[in-house]
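Q: Sequence plus predicted model, see below.
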Amino acid sequence: MNILEIIQFAFVQKAFIAGSFVAMLCSILGLFLVLQKMSLIGDGLSHVSFGAVALGIFFGIYPIYFALPVVALASVLILKLAKKGRLYKDTAIGIVSATGIAGGVIIASIAGGFNVDLFSYLFGNILAISNAEVIISIALSLIVLAIVYFFYYDLFSITFNEDYAKTTGVKTELINSLLVVLTAITAVLAVKVVGVMLVSALLIIPATTALQFKAGFKATIFLAAIFSIFSVLAGIILSIILNIPAGASIVMISLVLFAISLLF
């Protein structure tokens, strides 16, 4: 089966569309997170999403609908713990992450083990994405991208010099909260693409790859988006050809691009 034959399947086209939008989100937000040394927040929030998805399945609620508000609240909790509890951000991330994954395991155990639905969220299953999930991915991606565009200069300011941003009137606490909430939404969407275990890779690797070229900030955003979308599209095709999991394939393509970028 060649590539032209593969892309004619409807399920592949849906995976391409949803995956491209989520990949673009991950690359853009990932760049802000990497530069703020908060890249592991994606990993922490993905673990929380696992617990939220398990809880949603347990109560018979559509997992993404249930996970979005829960993970968004967890993202804000991380910032509150870091500030009020006088913890380092990575410590706060670790606490919330451990709570999410432990809660998910307990709920799965009570429910009778890891069922097929929960397993698909753990390791990703973009090739089985539904029409409703495609629509949700596109709609939420457009909303997040619009918010990033509107608050671009505020996000840029706190990324490179938060203290200076505060003196110029930027509401740094609000913008930081906005960034982590947007990351929470993206993490939930990315769970379906690459799975809970690999969300952080999709947030970190394309952004880090783009940074190797030492271009301007906007050019770096563009490069990160290109690398991320290419990784998703190529990873999906490779997974079908080699009959391997799509999520892992996407991440391996990202790693190959990163390795190549180091040569430059």
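A: Structure received.
Q: Residue 180 touches residue 81, doesn't it?
A: No. Look at residue 180 against residue 81 with CB atoms under 8 Å: they stay out of range, at 11.7 Å. The way it works is simple: take the backbone N, C-alpha and C, and place the C-beta from them, glycine included.
Q: ok, those two, which is more surrounded?
A: Just comparing residue 180 and residue 81: by other CB atoms under 10 Å the higher neighbour count belongs to residue 180, 23 against 17.
Q: where are the low-confidence patches of this protein?
A: 1-2, 85-86, 111-119 (pLDDT under 70).
Q: next SSE after the one helix or strand residue 45 maps to?
A: Using DSSP states H and E, residue 45 sits within helix 41-59. Under the assignment DSSP H and E, the closest C-terminal helix or strand after helix 41-59 is helix 63-84.
Q: Alpha carbons of that following helix, in CSV - could you do that?
A: Taking Å, rounded to 0.1, in the frame of the first residue of the first chain, the C-alpha atoms of helix 63-84 are listed here in CSV:
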residue,chain,number,x,y,z
PRO,A,63,-14.2,11.8,28.6
ILE,A,64,-13.1,15.0,26.8
TYR,A,65,-16.0,17.0,28.1
PHE,A,66,-15.2,15.9,31.6
ALA,A,67,-11.5,16.2,31.3
LEU,A,68,-11.4,19.8,30.0
PRO,A,69,-12.6,21.7,33.1
VAL,A,70,-10.9,19.3,35.5
VAL,A,71,-7.5,19.7,33.8
ALA,A,72,-8.0,23.5,33.4
LEU,A,73,-8.6,23.7,37.2
ALA,A,74,-5.5,21.5,37.8
SER,A,75,-3.4,23.9,35.7
VAL,A,76,-4.4,26.9,37.8
LEU,A,77,-3.9,24.8,41.0
ILE,A,78,-0.2,24.3,39.9
LEU,A,79,0.3,28.0,39.8
LYS,A,80,-1.4,28.6,43.2
LEU,A,81,0.6,25.8,44.8
ALA,A,82,3.8,27.4,43.4
LYS,A,83,2.9,30.8,44.7
LYS,A,84,1.0,30.3,47.9
